[in-house]
Structure formats: C-alpha cells, structure tokens
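Engineer: When you get a sec, could you give me coordinates for this:
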Amino acid sequence: MPPLKELKCVPCRGDSPPLAADEIATLKPQVSDWDVIEAEGIPRLQRVFKFKNFASALAFTNLVGELAEAEDHHPALLTEWGKVTVTWWTHKIKGLHQNDFIMAARTDDLYLA
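Structural biologist: From the prediction side, this is the model:
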C-alpha cells in the first residue's frame, strides 16, 4: 500500500461500513502520533499539535481548514494557546473510514512543513 498521504480521499456514502478493528490496526502505524479514541461511542483519530504561541496555532488551524475544504472532509478543531487538537472521523458512518487516516497523514505533513 502506498503511503496514506499519497492516496486520494473517496466520497464516503452513508452506507459505507466503518473500518473494523483489524483495518484500523493496519492503518494506524502510518499515523503513529495519533490516538484512536472513543467519544459518544464513536471511534475517532485525535492528535494534539504543539506551538510556540496562539498565532502559530491559529495559522495551523486555518491550514487544516483549507485542507478540509479542499477534500470536503472536516475534522473537529480545538485551537488554544500553544496547541491545536485535531479529531478526524466520518460523521456519515459514525466511525472511522480510510479517508480519516489519509487526512490525519496530510495533517501531519502540514505540521512538519
């Protein structure tokens, strides 16, 4: 499988099944800094990114927002002084989809840039 960040997101229909635990385990090493959490009974990918100040955190939030708009796949974003918490999951299927892992990998690239 090519690196996740090189894959294209595919439209997710409401009848797409969420990833099974073994599929999540297969994809997770490619986004190793992300945690798989459960909130409201829904598995999600979450990572906290650290910054030197609020302005840098806000600039990163805006970059993630631009990425989300370009792919029409949107995370939860919490911007605070010195950190941004990004949480990806697919609302339509109430779970994780391959797109969430692709977007997590691309978010990592934005942070490293």
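
Engineer: Leaving out the residues flanking it, which one is nearest to Gly14?
Structural biologist: Lys92 (4.5 Å; CB to CB, 6 or more residues apart in numbering). Where you see a C-beta, it was placed from the backbone N, CA and C, and this is true even at glycine.

Engineer: surely the one you found meets Pro17?
Structural biologist: No. Using CB atoms under 8 Å, Lys92 makes no contact with Pro17, being 11.3 Å away.

Engineer: Looking at these two, which is more packed in?
Structural biologist: Remark: of Lys92 and Pro17, Lys92 carries more neighbours, 14 against 9, as counted by other CB atoms under 10 Å.

Engineer: that older thread, need the three-state assignment for the residue nearest to Gly14.
Structural biologist: Three-state call for Lys92 (DSSP: H, G, I helix; E, B strand; the rest coil): helix.

Engineer: any idea how far Asp15 is from it?
Structural biologist: According to CB to CB, to the nearest Å, Lys92 stands 9 Å off from Asp15.

Engineer: picking that back up, relative to Leu67, how far out is the residue nearest to Gly14?
Structural biologist: Per CB to CB, Lys92 is found 19 Å from Leu67.

Engineer: Summarise which helices and strands the helix or strand encompassing Val64 is packed against.
Structural biologist: Assigned by DSSP states H and E, Val64 falls within helix 54-71. Contacts defined by 3 or more CB pairs under 8 Å, 6 or more residues apart in numbering; DSSP states H and E place helix 54-71 against strand 76-80, strand 83-88, helix 98-112.
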